[in-house]
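[1] let's see this in three dimensions:
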Amino acid sequence: MVRSFLLGTLLALLGACAWQPPRADNPIGMPLSELLARIERGRPVLPYLPAPERTRAARLPGSGAAASALEYPGLTLVVQEDSGRQPEVLQLTVTGEQYRTAEGMHVGGSLQDLSDAFGEADRLEGDEYVYTAEGPASGAIRFRVEGERITRMQWEFDRP
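    Predicted structure coming up:
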């Protein structure tokens, strides 16, 4: 009896430690670097996120295909759903200062920080520094810079 009580208590404590509700400083409930790693590996992310503040219809640039934009404070995921498959994140946009990449990049960071972390951009498109991403989730990473400060970070994931 005591043994089952202790086991139950231990399991409850482990469960409480594993799940953490979203906080004001991190509305998605996980670090941005973890979210990006999951997306890049093609692993599901939506079951691990809280419900978005707002969901709206979106169109994918280029193809015009229908998608959904899931909006969280300072972060938006554009997701394409294909019947029979798990939804795929095709774009992630960060406008909130509370999110940081594994390299320490964040909205509000300096152009010098960007250069130090990523080197020279592959190309400039207006006020955006664009880096080409390689690997299983190839695409582009865009940093909008205004007045020497990053005002938006955006990942575009090209799936085969």
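[2] tell me the buried residues in stretch 98-118?
    For stretch 98-118, the neighbour count (16 or more other CB atoms under 10 Å) marks 98-101, 105-107, 109, 113-114, 118 as buried. Quick note: C-beta positions are derived from backbone N, CA and C, even for glycine.
[3] oh, that last question was meant for stretch 67-84, not what I typed.
    67-70, 72-80.
[4] could these be laid out in JSON lines, adding distance to residue 92 and pLDDT?
    Converted to JSON lines, these look like this (distance: CB to CB, whole Å; pLDDT from 0 to 100):
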{"residue": "67", "distance to residue 92": "13", "pLDDT": "90"}
{"residue": "68", "distance to residue 92": "13", "pLDDT": "92"}
{"residue": "69", "distance to residue 92": "11", "pLDDT": "95"}
{"residue": "70", "distance to residue 92": "10", "pLDDT": "96"}
{"residue": "72", "distance to residue 92": "10", "pLDDT": "96"}
{"residue": "73", "distance to residue 92": "14", "pLDDT": "96"}
{"residue": "74", "distance to residue 92": "12", "pLDDT": "96"}
{"residue": "75", "distance to residue 92": "7", "pLDDT": "97"}
{"residue": "76", "distance to residue 92": "7", "pLDDT": "96"}
{"residue": "77", "distance to residue 92": "6", "pLDDT": "96"}
{"residue": "78", "distance to residue 92": "8", "pLDDT": "93"}
{"residue": "79", "distance to residue 92": "10", "pLDDT": "93"}
{"residue": "80", "distance to residue 92": "13", "pLDDT": "88"}
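[5] of all the residues you listed, which comes closest to residue 39?
    residue 77 (8.7 Å; CB to CB).
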